[in-house]
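J.: Kindly generate the corresponding structure for this input.
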Amino acid sequence: MRLSPEALANLPADVARPLYDRAAQAVGVVHFGIGAFHRAHQAWYTDAAMNAGAGNGGDTDWMITGVSLRSAGVARQMNPQGGLCTVAEQSADGMALRIVGSVRNVLVASEEPDAVIAAVAAPSTRIVSLTVTEKGYCRDTEGRLDFELAHSLSFYYFVTQGLLARAKAGLPGVTLLSCDNLADNGAKLEALMLQYLERHEP
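T.: Model (predicted):
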């Protein structure tokens, strides 16, 4: 049986699953680099936060649209499952399985660039987060932006176009959140993003 929203009701009782109505929740996060690390950590915690808010008036509109900048592999795996994935926790007590429901869908930027820009520009989006590895920041040997690498398939382009669309629509900004293993990652992201903007959209 392939994992799907329809299959949730037929899973064994000891498999944890979303407590919130996934279809009723808005996408609040656009995440670039939706690999295994993100699914087992950030998506897991987002799912836990929405579970905590379900049924008691809590804030649950934090569904995630994942973005793969080049490879379609994750999208091909997750989209047929409605964005669902399973996280297995192994401990001395045995294995615990949990269905993570916080991912709405996965976009492939190289195949559907307009959809990625629209996701960043959507009124419900409040966070654009990144796990693109150190290489994904397109830095040169001096730590500045390498503009040849930061081309139209880099996250810089999609974030910029999404922010321009938000500004045109009169929408507020978003939080840009680097979750990569870089010292002072927020400051580095700010500096690199500003370098990109100064050249392309001053």
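
J.: For the most centrally placed residue in the chain, what is the enclosing helix or strand?
T.: With distances taken as CA atoms, centre = their mean, the chain has residue 31 as the residue nearest its mean C-alpha position (2.0 Å). According to DSSP states H and E, residue 31 maps onto strand 27-32.

J.: Which strands border that strand, and is each parallel or antiparallel?
T.: Based on DSSP bridges, the pairing partners of strand 27-32 within the sheet are strand 63-68 (parallel), strand 127-130 (parallel).

J.: before we move on, the earlier item: list the contacts of the residue nearest to the centre of the chain.
T.: When contacts are counted by CB atoms under 8 Å, 6 or more residues apart in numbering, residue 31 is found next to 38, 42, 64-67, 128-131. Yep, even glycine has a C-beta here, placed from its N, CA and C like the rest.

J.: Quick check: closest non-adjacent residue to it.
T.: Counting by CB to CB, 6 or more residues apart in numbering, the nearest residue to residue 31 once its immediate chain neighbours are dropped is residue 129, at 4.8 Å.

J.: and if you look at residue 180?
T.: For residue 180, the nearest residue in space outside its immediate sequence neighbours is residue 131; the separation is 5.8 Å by CB to CB, 6+ apart.

J.: my read: that neighbour touches residue 182, true?
T.: No - no contact is recorded between residue 131 and residue 182 when judged using CB atoms under 8 Å, the distance being 11.0 Å.

J.: When the two are compared, which one has more neighbours?
T.: Neighbours were tallied for residue 131 and for residue 182 using other CB atoms under 10 Å; the higher tally belongs to residue 131 (20 against 15).

J.: Please tell me how far that one sits from residue 152.
T.: In this view, residue 131 and residue 152 are 21 Å apart by CB to CB, to the nearest Å.

J.: now do residue 145
T.: Separation of residue 145 from residue 152 (CB to CB) stands at 14 Å.
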